[in-house]
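Asker: kindly return the folded structure for what I paste below:
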Amino acid sequence: MKRLVSWGGLALIAALAGCAYYNAMWSAEQYAKGARKLEAQGQQSQARSQWAQAAAKAEAVVIKHPKSRWVDDALVLQAEGLARSGSCDEAEDAIERARERTKDVALRERVDLADAECAVAAGRTVQADAALVEVLKSKDAARRSRAQYVAGVSAALRLDYGGAVEHLRRSHEPAARPARARALLELGQGRAAEAAAVIDTIGGDPVFETERADLLAGLAEVGGPEMASASLDRLLTHARLPFAEQARLLIADGDRRAAQGDYPAATARYHRAIEVAGLTSSEAATAHVRAQRLSAVQATQRSELTPVIAELTELSRAGNGEAKHLLDLLGQAAAAPPGAGARFRIAELVRDSLGAPALAGQLFLEAAAADTASLYAPKALVAALPLLPDRRDSITAVLDTRYATSPYTRAYHGEASVAYVAAEDSLARELGVEVARAAGGGATTAASGLRSAIPVPGMRGPQLDEPAAQPAGAPPVRPPTTPRPGARPAAGNPNRDRPNAPDRP
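Answerer: Predicted structure coming up:
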């Protein structure tokens, strides 16, 4: 009887041990299943946490049941969990042990996948490609699809974008679509339309909120803003996106059109963003500020800034930082201070910081007319020339008649002038900028007898003030490009309105 009890107890103990092993392995598999589901939903950080839990549970099985017939499965799952949780340093040992022990084809393919993913994460593309050779031929569709995705990422890392496109085309992984679109964009303008078609397939999947914005920006760079706008229109028509995301995409598209100089299209985008987001949303406030900025950019007279200032005042009271920054800038532009120097500086501010070419040109003319005997007058006229191409002949006529002997007029016509440096130093002193001194005597460079070369474009001399800070997210508004004889100006520098010299023998 005692012997029967003993054998029964051993059987019970074995059954309990097997049950404990089964429960531990089942728990590890459940964590892995949850991780795969989270990856499919785009929740990568949560998925990595689940993979780490799966690896820990699998490791416990390996340690407590090293001779179990299921230990190979646990070892492979440990390697997978460590690799896909980002713990590749710890995964190396598990991958090697699993590769030594495992004979089953399916398990070996899983180990090879884990090895390849860690190799790609470390930038070791040769190792990754070697590990994927057999998995790319797997009979299991899921593993084969995953291998194609990893192979595509590896090809992109070594700049083989054509190979990356082909691998990613064969993968059904959710992340393969944006990765394929990025590879197509890297191939250049000839593949931009194909990239746009892939972007269309992403649709409104919430997993790809960040990718949508980045891919549209990349499409605009490669295929042009018009192609990106068309792709966004298709997306908004056929996909169901949150209103806030729609507004952000429209604002970004408006910024791109504004940077291109297509102000009507940009304004339409901003107004649509306001309608989509709702008047009380932060996105609507941002779009409203951008629209007001475009109104200011297109102004030709100070009086046209008055309604813009009124709108921005209301927005700044609501705590909008971008509105406040733009309001401060427009407040300076709308002022009419005494003194030719202050007028000249405000015109520069409007041209360089606000990016309003027509208004800046008018302010330069006003600065010249306010004090016709000032050294600033011919300099202001030269600065106005590229900004007001329609008035080029009349401005040039004033320079040639009233200021024919001015060093700025002579420089504009490409003549070397000893007086040019002296005039620039005089203006610098008037604006409070310390001028360079000749070594040994303290005299200015103008008094040294050196002749200045014909002026060339570029930054000259010290800055009068710090560059105006651009608010976060503000569009890089640029004035339309026009043929001009002068150099491209830089804010606050009295010496940088020097015109280009005409071709000389």
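Asker: not counting residues beside it along the chain, what's closest to residue 191?
Answerer: Spatial nearest neighbour of residue 191, excluding adjacent residues (C-beta to C-beta, 6 or more residues apart in numbering): residue 184 at 4.4 Å. Backbone N, C-alpha and C define where each C-beta goes, glycine included.
Asker: let's see the pLDDT reported for the one you found.
Answerer: With respect to pLDDT, residue 184 has a value of 97.
Asker: and it, how many neighbours?
Answerer: 28 (other C-beta atoms under 10 Å).
Asker: contact partners of the helix or strand where it lies?
Answerer: Residue 184 is part of helix 176-186 when elements are defined by DSSP states H and E. Here helix 176-186 makes contact (C-beta atoms under 8 Å, 6 or more residues apart in numbering) with 148-149, 152-153, 155-156, 161, 164-165, 168-169, 191-192, 194-195, 198-199, 201-202, 208, 211, 215, 218-219, 221-222.
Asker: now stretch 123-135
Answerer: So stretch 123-135 is contacted by 108-109, 112-113, 115-117, 119-120, 143-144, 146-147, 150-151, 154-155, 157-158 (C-beta under 8 Å, 6+ apart).
Asker: show me these that map onto helices.
Answerer: 108-109, 112-113, 115-117, 119-120, 143-144, 146-147, 150-151, 154-155, 157 (DSSP state H).
Asker: pull out the buried members of those.
Answerer: Using 16 or more other C-beta atoms under 10 Å as the burial test, those include 108-109, 112-113, 115-117, 119-120, 143-144, 146-147, 150-151, 154-155 as buried.
Asker: does residue 414 belong to a helix, a strand or coil?
Answerer: Here residue 414 is recorded as coil under DSSP: H, G, I helix; E, B strand; the rest coil.
Asker: pLDDT value on it, please?
Answerer: For residue 414, pLDDT reads 80.
Asker: same check on residue 428?
Answerer: 66.
Asker: gap between stretch 178-190 and the chain center?
Answerer: 17 Å (C-alpha atoms, centre = their mean, to the nearest Å).
Asker: quick one: buried residues of that stretch?
Answerer: So stretch 178-190, judged by 16+ other C-beta under 10 Å, has buried residues 178-187.
Asker: residue 202: how many residues sit nearby?
Answerer: 18.
Asker: distance of it relative to residue 209?
Answerer: 10 Å (C-beta to C-beta, to the nearest Å).
Asker: and what of residue 85?
Answerer: 23 Å.
Asker: which one of those two has more residues nearby?
Answerer: Neighbours were counted for residue 85 and for residue 209 using other C-beta under 10 Å; residue 85 has more, 21 against 15.
Asker: wait, that one sits on residue 49?
Answerer: Yes: Residue 85 sits in contact with residue 49 when judged by C-beta atoms under 8 Å, with a separation of 7.4 Å.
Asker: you'd agree residue 86 is in a helix?
Answerer: No: counting by three-state DSSP, one finds residue 86 to be coil, located in no helix.
Asker: just to check, it is in contact with residue 121?
Answerer: Yes: the pair residue 86 and residue 121 passes the contact test of C-beta under 8 Å, sitting 7.5 Å apart.
Asker: pLDDT below threshold where in the stretch 351-500 of the chain?
Answerer: 417-418, 420-500 (pLDDT under 70).
Asker: for residue 162, which non-adjacent residue is spatially closest?
Answerer: residue 187 is the one closest to residue 162 (C-beta to C-beta, 6+ apart), at 6.7 Å.
Asker: ok, residue 351 next?
Answerer: The nearest residue in space to residue 351 (C-beta to C-beta, 6+ apart) is residue 360, at 3.5 Å.
Asker: mind checking which of the contacts of helix 176-186 are buried?
Answerer: 148-149, 152-153, 155-156, 161, 164-165, 168, 191-192, 195, 198-199, 202, 208, 211, 215, 218-219, 222.
Asker: of those residues, which belong to helices?
Answerer: Counting by DSSP H, these contribute 148-149, 152-153, 155-156, 161, 164-165, 168, 192, 195, 198-199, 202, 211, 215, 218-219, 222 to helices.
Asker: mean confidence score for the one helix or strand residue 82 maps to?
Answerer: Using DSSP H and E, residue 82 sits within helix 71-84. When pLDDT is averaged along helix 71-84, the result is 88.
Asker: contacts for that helix next, please.
Answerer: Taking C-beta under 8 Å, 6+ apart as the rule, helix 71-84 contacts 25, 28-29, 31-32, 35, 39, 47-48, 51-56, 58-59, 61-62, 65, 68, 88, 90-91, 94-95, 97-98, 101-102, 104, 107, 110-111, 113-115, 117-118.
Asker: same check on stretch 231-239?
Answerer: Counting by C-beta under 8 Å, 6+ apart, 196, 199-200, 203-204, 212, 216, 219, 241, 246, 249-250, 253 sit against stretch 231-239.
Asker: now for residue 294: which residues touch it?
Answerer: Contacts of residue 294 by C-beta under 8 Å, 6+ apart are 258, 263, 266-267, 270, 477.
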